[in-house]
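Asks: sharing a sequence plus its predicted fold:
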Amino acid sequence: MTKKVFIDSITYVISTFFVSLIWLVLTGLMAHHFTAYQFGLWSLVITINSLCLSLDLGFANALRNKIASLFANDRNNDKEELAYFFSTFYVFLSIVVVLSLLTLFSKNFIPWNILFNTSDQAIILEGSKLFIIAIIFSLFNVVFSLNMAGFFGYQESFWNSLFAFLSKLSILVLTVCFISIRISFFWTTVLLFAGILFSSIFAFNFFLHKRKWKILYIEYKELIYKLKELWSKSIYFAFLQLFAVIYLWLDMFIVTKNFGLEVVGDYSLVKRGYLVFSTLYLAFLAPIWSAYTVAIEKNDIAWAKKVLNKSCLIVFFIFIPLIFFICIFGAKIIYFWTGKHINNLSLYLLLGIWSLVYSWNNCFSIFLNATGNLKLQIFLIGLAIVLFIPLSNYFGKYYGVAGICTALILVSLPIAVSNPIQSYLFLNKKSLLKS
């Protein structure tokens, strides 16, 4: 199992590296070819896809754990997994249709001038349309991303790696074409979201084909039964996902509100640079999630503890040298990348420290998610969000963007202490029960 998990992790890391590289090139193109305000707007809009992925009510992660658990019990027949998969799919589709209609209805009630921190009606009109379109496309992307939970559950993350790479590569190629033929900023962004959705639909159908599954009609009583079983875990995953995504991107909106679209564009460049490495590390951990579930089901506690310990050490080997490197060369790299001058050492240093803490937290969060230990995580991330808003506004008032970064670090520290304690207490308890 160790060799297979290692291969899956390395494959996912390689794919994520190239995906991140493609996003960096894409971001550079957008920064070079559009105005500072348009790039700031794009930086905000592009976060919507991540935000919407948290609106699956946690069913995707609950389904992933369920499939992994059934798979660990060596069942030769996957009819039960098929029923769980399509029950979840139908729920997703129903929720997304309702949310899309509500999004269209709410367009005229959102204070866009406050959100974008501008009174320019042209920016407000273009930005509001992009937000609505991005939300609807991203919601449907949630429905057709369910195949990722299936591949992870069956420990076939190679396919997730491949489709993520091909999806982003095709989007980059299309964006280069759009820019070269001078398609407007508005339509370039819309077509980017359309490309993301189309790629998910293709991957979804491939998953069904590979498993030799056909679309399954689920009777109402069975669907409700499956949902009730998943709901006990999915509700916790729902809150955890929602809070985690808000925590990850709330600072972007705080920066926009306090300093405007041009500043958030610069801020996002530094943060996304660090997030490339945080994402790569998370990609390494992603296939291990299901492996943790299988290991606990089989009482292989020693393996789980060994992998957890190693994953902790990797964080420091990656991020401490990275912070020093970015602090020294970050401004030159960003200028070469985007043509923008961002000479703010405190921004590079503080966001680097935050990325280290964030990745440390993820190391243990993956394990806790795989073992169903969610409640305390939810409470602490929710508390971090609540505290971040007043702290960021207070520190931002006196120290600017650096103050917002400081608040982001401070609210992350309780999670950095709690997650390791929870993880090792759980492992020690399992070891005692096994003996």
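Replies: Done, it's in.

Asks: OK, contacts around the residue lying closest to residue 166 once chain neighbours are set aside?
Replies: Sequence neighbours aside, residue 199 is the residue nearest to residue 166 in space, at 7.3 Å (criterion: C-beta to C-beta, 6 or more residues apart in numbering). Any C-beta I mention is one placed from the backbone N, CA and C, and that applies to glycine too. Counting by C-beta atoms under 8 Å, 6 or more residues apart in numbering, residue 199 makes contact with 163, 166-167, 170-171.

Asks: now these: which count as buried?
Replies: Burial by neighbour count, judged by 16 or more other C-beta atoms under 10 Å, picks out 163, 167, 170-171 from the contacts of residue 199.

Asks: in a markdown table: those residues, plus distance to residue 306 and secondary structure.
Replies: Converted to a markdown table, those look like this (distance: C-beta to C-beta, whole Å; DSSP: H, G, I helix; E, B strand; the rest coil):
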| residue | distance to residue 306 | secondary structure |
| --- | --- | --- |
| 163 | 31 | helix |
| 167 | 34 | helix |
| 170 | 39 | helix |
| 171 | 38 | helix |
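
Asks: out of those residues, who's nearest residue 157?
Replies: residue 163 (10.7 Å; C-beta to C-beta).

Asks: for that closest one, what are its contacts?
Replies: 199, 202-203, 206.

Asks: again, but for residue 157
Replies: 8, 11-12, 151, 286-287.

Asks: give me phi/psi at residue 35?
Replies: phi -70, psi 170 (degrees, to the nearest 10).

Asks: for this structure, what's the longest helix?
Replies: helix 220-259 (DSSP state H).

Asks: give the buried residues for the helix or strand following that one.
Replies: On the C-terminal side of helix 220-259, the closest following helix or strand by DSSP states H and E is helix 261-297. Buried residues in helix 261-297, counting neighbours by 16+ other C-beta under 10 Å, are found at 261-296.

Asks: do the same with stretch 295-304
Replies: Buried residues in stretch 295-304 (16+ other C-beta under 10 Å): 295-296, 300-301, 303-304.

Asks: likewise stretch 176-183?
Replies: Buried residues in stretch 176-183, counted by 16+ other C-beta under 10 Å: 178-179, 183.

Asks: what does that stretch rub up against?
Replies: For stretch 176-183, contacts defined as C-beta under 8 Å, 6+ apart pick out 29, 33, 187-188, 191.

Asks: what of stretch 104-119?
Replies: In contact with stretch 104-119 (C-beta under 8 Å, 6+ apart) are residues 37, 41, 123-124, 127-128, 131-132, 136, 253, 256-261.

Asks: ok, 10 Å please
Replies: 37, 40-41, 44, 103, 120-121, 123-129, 131-132, 135-136, 253, 255-264 (C-beta atoms under 10 Å, 6 or more residues apart in numbering).
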